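> Got a predicted structure here, sequence first:
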Amino acid sequence: AQKITQTQPGMFVQEKEAVTLDCTYDTSDQSYGLFWYKQPSSGEMIFLIYQGSYDEQNATEGRYSLNFQKARKSANLVISASQLGDSAMYFCAMREGRRGTGRRALTFGSGTRLQVQP
Amino acid sequence: GAVVSQHPSRVICKSGTSVKIECRSLDFQATTMFWYRQFPKKSLMLMATSNEGSKATYEQGVEKDKFLINHASLTLSTLTVTSAHPEDSSFYICSAREALDRSNTEAFFGQGTRLTVV
């Protein structure tokens, strides 16, 4: 079974509007972390935002916020006031395991290609 | 933030030759580094986990004799693609986490290496 599911292969948004990128996850661990990365055409992975499974408040980083709904196992990324430079691939990822173990890799979703239109 | 440097960013090699890719943590010590492979328009797939001073752990289906991983120090891991073939052409990217990081946040990625085997 897929551990990370991103159901939107592609999304379009008008500049200055908000957009939500969907992510659902599957794990039996009580402790886990959820990440969002941006990958422009250059290939680098740019960390955007992190949400821990025990964090009670939704994470926010500037224009990025994570809508964390634990019971539904969803961790959607919300980008407010989209900019042309936001056009890229966006990956949701999860690290399972106890806090501080640090040795587990990330499992990535299939990604969503976001295109911001002027 | 922490920086991971990956070199080279692009390489073209002839079929049958070997290629070495380096992943360095520049300002922190990384006991664990991860190597991922990404096919065009696909997600990142974990290839192996590289542990300083011990043998790497390979994911199912990844040939350890073909993809040699060495993690000789706390700041350097290398991936050598041996006897490369056109089907090995891909984007390879590493990530590293600080040895003392207990926050479980962020995995730092290198810039990636685009390998083309001709």
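That came in fine, so what should we check first?

> Name whatever forms a beta bridge with the residue nearest the centre of chain A.
When CA atoms, centre = their mean is applied to chain A, the residue found nearest the centroid is A:Trp36 (3.1 Å). Here A:Trp36 sits in beta bridges with A:Ile49, A:Cys92, going by DSSP bridges.

> Would you confirm that it contacts A:Met89?
No - with contacts defined as CB atoms under 8 Å, A:Trp36 does not count as touching A:Met89, sitting 11.2 Å away. Bear in mind the C-beta positions are built from the backbone N, C-alpha and C, glycine included.

> returning to that earlier point: check contacts around the residue nearest to the centre of chain A.
By CB atoms under 8 Å, 6 or more residues apart in numbering or on different chains, the residues touching A:Trp36 are A:21, A:23, A:48-49, A:64, A:66, A:75, A:77, A:90-93.

> Widest-spaced pair of those residues?
Farthest pair in the contacts of A:Trp36 (CB to CB) is A:Tyr64 and A:Ala93. Separation: 14.5 Å.

> More neighbours: which of those two?
With neighbours defined as other CB atoms under 10 Å in any protein chain shown, A:Tyr64 and A:Ala93 compare such that A:Ala93 has more, 25 against 16.

> tell me the contacts of the more buried one?
Residues near A:Ala93 by CB under 8 Å, 6+ apart: A:4, A:34-37, A:106-109.

> try 6 Å this time
Under the criterion of CB atoms under 6 Å, 6 or more residues apart in numbering or on different chains, the contact list for A:Ala93 reads A:35, A:106, A:108.

> ok, so of the contacts of A:Trp36, who is nearest chain B?
When these are compared for distance to chain B (CB to the nearest CB), A:Phe91 comes out closest, at 6.6 Å.

> The lowest-mean-pLDDT helix or strand in chain B pairs with which strands, and in what direction?
Per-element confidence for chain B was summarised using mean pLDDT, DSSP states H and E. The lowest value among helices and strands belongs to strand B:108-109, with a mean of 88. With DSSP bridges as the test, strand B:108-109 is paired with strand B:90-97 (antiparallel).

> Let me know the average pLDDT across the helix or strand where A:Asn67 lies.
For A:Asn67, the enclosing helix or strand under DSSP states H and E is strand A:64-69. Over the span of strand A:64-69, the pLDDT mean works out to 97.

> If we go by neighbour counts, what in whichever helix or strand comes after it is buried?
Using DSSP H and E, the helix or strand that follows strand A:64-69 towards the C-terminus is strand A:74-79. Along strand A:74-79, these residues count as buried under the neighbour rule (16 or more other CB atoms under 10 Å in any protein chain shown): A:74-79.

> packing partners for strand A:74-79?
Under the contact criterion of 3 or more CB pairs under 6 Å, 6 or more residues apart in numbering or on different chains; DSSP states H and E, the helices and strands touching strand A:74-79 comprise strand A:19-21, strand A:64-69.

> got the CA coordinates for it in PDB?
The C-alpha coordinates for strand A:74-79 follow below in PDB (Å, rounded to 0.1, in the frame of the first residue of the first chain):
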ATOM      1  CA  SER A  74      -4.000  14.100   5.700                       C
ATOM      2  CA  ALA A  75      -1.400  16.800   5.600                       C
ATOM      3  CA  ASN A  76      -2.300  19.200   2.900                       C
ATOM      4  CA  LEU A  77       0.000  22.100   1.900                       C
ATOM      5  CA  VAL A  78      -1.600  25.500   1.500                       C
ATOM      6  CA  ILE A  79       0.300  28.200  -0.400                       C
END
